[in-house]
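In: A structural model of the following input is requested.
(chains A, B, C and D)
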Number of protein chains: 4
Amino acid sequence: MSELTIDRVRAAFAALGTGDRQKMLEYWSEDLRFEIPGNHAHAGWHEGLDGFLAFLKTVGELSGGSYLAESITVLVNAEDGYSVDVNRNWALRAGAPKESTSPYHLLDVTALHLLRWQDGRIVEGRGVILGDGPATSALWWSPLGPDGVRSQA
Amino acid sequence: MSELTIDRVRAAFAALGTGDRQKMLEYWSEDLRFEIPGNHAHAGWHEGLDGFLAFLKTVGELSGGSYLAESITVLVNAEDGYSVDVNRNWALRAGAPKESTSPYHLLDVTALHLLRWQDGRIVEGRGVILGDGPATSALWWSPLGPDGVRSQA
Amino acid sequence: MSELTIDRVRAAFAALGTGDRQKMLEYWSEDLRFEIPGNHAHAGWHEGLDGFLAFLKTVGELSGGSYLAESITVLVNAEDGYSVDVNRNWALRAGAPKESTSPYHLLDVTALHLLRWQDGRIVEGRGVILGDGPATSALWWSPLGPDGVRSQA
Amino acid sequence: MSELTIDRVRAAFAALGTGDRQKMLEYWSEDLRFEIPGNHAHAGWHEGLDGFLAFLKTVGELSGGSYLAESITVLVNAEDGYSVDVNRNWALRAGAPKESTSPYHLLDVTALHLLRWQDGRIVEGRGVILGDGPATSALWWSPLGPDGVRSQA
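Out: Below is the predicted model:
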């Protein structure tokens, strides 16, 4: 069983990007639960690796592939089996004007993942948003544009 | 063309309950726009009488038919073509424990509709929630139960 | 006792602007209760005409006197003793950059007052914000600027 | 200069409880900035150790001394100079009924602190709340009781 290290946390996220399910399963449990924060349509606990991957696909669609994350730091407590990775995130809703700064269009938050590891793999993840990001990101996740039109369904 | 009166406002809502589309069209325009307040999955402007009826069907499903409204008062300004009807509303999410008082389960708000009338029919409606109801009702509309589980999708 | 008319509603708000307490008391009860919507520091029921006037003073300070309201319509139900006045509202937080469109700086909402009248005077008022205004105006009322700094205390 | 360890993080929080300012300054910088999440009256960046201590005093008052925290785990990245401590938190608003489960009365959230350390001391802290806790805790921080009365000012 692999030790929980900063490198292993980074590798777990890199595996998600490969599209290789076998590679993912080296780090993420089949029975993973992953919580998206807030109370919007995509918030709450997503069950199973497949539930989590379906959520990530949704994010890709809502953001038109614009989602960017920049790592700030990664922390681990190998004995307790926890990691935290802190990231700056940006994303523009698909179809939004490129230059828009409206929180209905532009996500610009610092957030982190709290991951619980068991037997070398992630069994539980919780996304968390810093500052007043939970309030502004609720607008981004909504079906509304700044004019209240359901243009982002 | 019928005059805008309190009785006509009440009749418009009664027509919605009949399921008789011709009856509805005596009061509600085919080109109706109706805004549901907030930023949850069903918020924003619903377009057309059919869009509005589809929303009402969704409410019926989410509440398992438990939605109750009690009229407080109705006001009209016939010259400007506006009406307001104020109502107390209750609804329990389908599947929630009957006795639950959690705002994720129980909607208990005072709310109103601001309706704009043209040529005897409603062309625009806006639902509005009083007090801190916008905050508590966001939890009701969410896919989450009180434990964060997506049990209400 | 004066009848409840659209003109009387307009006169009630005009009286608030005179600074003449005797004039105000022709329309507003000494025992008035007035609810500001939301859950921010100034939300909830303000008790007494003095409590309401203190709130209005606070709004003047927070907005550096920039608060503007444009009437859309006024409705009355004289028999039930209710009025509703619908208004478009703008306000810039004191000290905010004039051109800022951030919801932490700029309030730009459609809102209404639901007033209950008794013996010719207002005994209860409830402010209500339309659309997703409750979410965006929460940012305006907060002590935060867009960067999270408590610059607006 | 002391190394950043799990024990040192625990000792930093223990020092806050001693009331001994010299003891605190072994762990917390005089120039500390600490962010409380959300957009309520006490949210945003509190400046200086004194600003942070003033905030903690406010929490003690609002909760009538009922605030409880139970540690879940602590993580450190000594090289980057970051720690995270995850805790379960409970608090009842002062004056609220002991058995109340209303989110206006009862805070019941899992939260964490992200701390940045420099030269052996904390220079920046950010409180963060997991799940939908940002929404429910906004009600707790508000001046409102469940009936909208400003009883918790």
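
In: how about the strands of chain A, start to end?
Out: With strands called from DSSP state E, chain A shows them at A:28-36, A:44-47, A:68-77, A:82-92, A:106-118, A:121-129.

In: Can you check what pLDDT the model gives the residue positioned nearest the centre of chain A?
Out: Note on chain A: the residue nearest the mean C-alpha position is A:Gly127, at 6.0 Å, using Cα atoms, centre = their mean. Looking at A:Gly127, its pLDDT is 98.

In: Of all the strands of chain A, which one comes closest to chain C?
Out: Nearest to chain C, of all these, is strand A:106-118, at 10.0 Å by Cβ to the nearest Cβ. Using the backbone N, CA and C atoms, a C-beta is placed for each residue, glycine as well.

In: distance of the nearest residue to A:Asp108 once chain neighbours are set aside from C:Tyr104?
Out: Leaving aside its sequence neighbours, A:Asp108 sits nearest to A:Trp90 (Cβ to Cβ, 6 or more residues apart in numbering or on different chains; 5.4 Å). Separation of A:Trp90 from C:Tyr104 (Cβ to Cβ, to the nearest Å): 19 Å.

In: the more surrounded of these two?
Out: Comparing A:Trp90 with C:Tyr104 by neighbour count (other Cβ atoms under 10 Å in any protein chain shown), the higher total belongs to C:Tyr104, at 26 against 14.

In: Distance check, A:Ile6 against chain B.
Out: A:Ile6 sits 28 Å away from chain B, taking Cβ to the nearest Cβ, to the nearest Å as the criterion.

In: now the longest helix seen in chain A, how far from the centre of its chain.
Out: Determined from DSSP state H, the single longest helix within chain A is helix A:48-62. Taking Cα atoms, centre = their mean, to the nearest Å, one finds helix A:48-62 lying 9 Å from the centre of the chain it belongs to.

In: Which strands and helices lie in contact with that helix?
Out: On a contact count with 3 or more Cβ pairs under 8 Å, 6 or more residues apart in numbering or on different chains; DSSP states H and E, helix A:48-62 meets strand A:28-36, strand A:44-47.

In: what about 6 Å?
Out: strand A:28-36 (3 or more Cβ pairs under 6 Å, 6 or more residues apart in numbering or on different chains; DSSP states H and E).

In: circling back to that earlier point, could I get the strands of chain A as JSON lines with distance to D:Pro37?
Out: Shown next, in JSON lines, are the strands of chain A (distance: least, Cβ to Cβ, whole Å):
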{"stretch": "strand A:28-36", "distance to D:Pro37": "17"}
{"stretch": "strand A:44-47", "distance to D:Pro37": "19"}
{"stretch": "strand A:68-77", "distance to D:Pro37": "17"}
{"stretch": "strand A:82-92", "distance to D:Pro37": "14"}
{"stretch": "strand A:106-118", "distance to D:Pro37": "11"}
{"stretch": "strand A:121-129", "distance to D:Pro37": "8"}
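
In: and chain A, which residues reach chain D?
Out: Contact residues (Cβ under 6 Å from any Cβ of the partner chain) of chain A with chain D: A:39, A:73, A:75, A:77, A:80, A:82, A:84, A:126, A:128, A:130-132, A:134-135.
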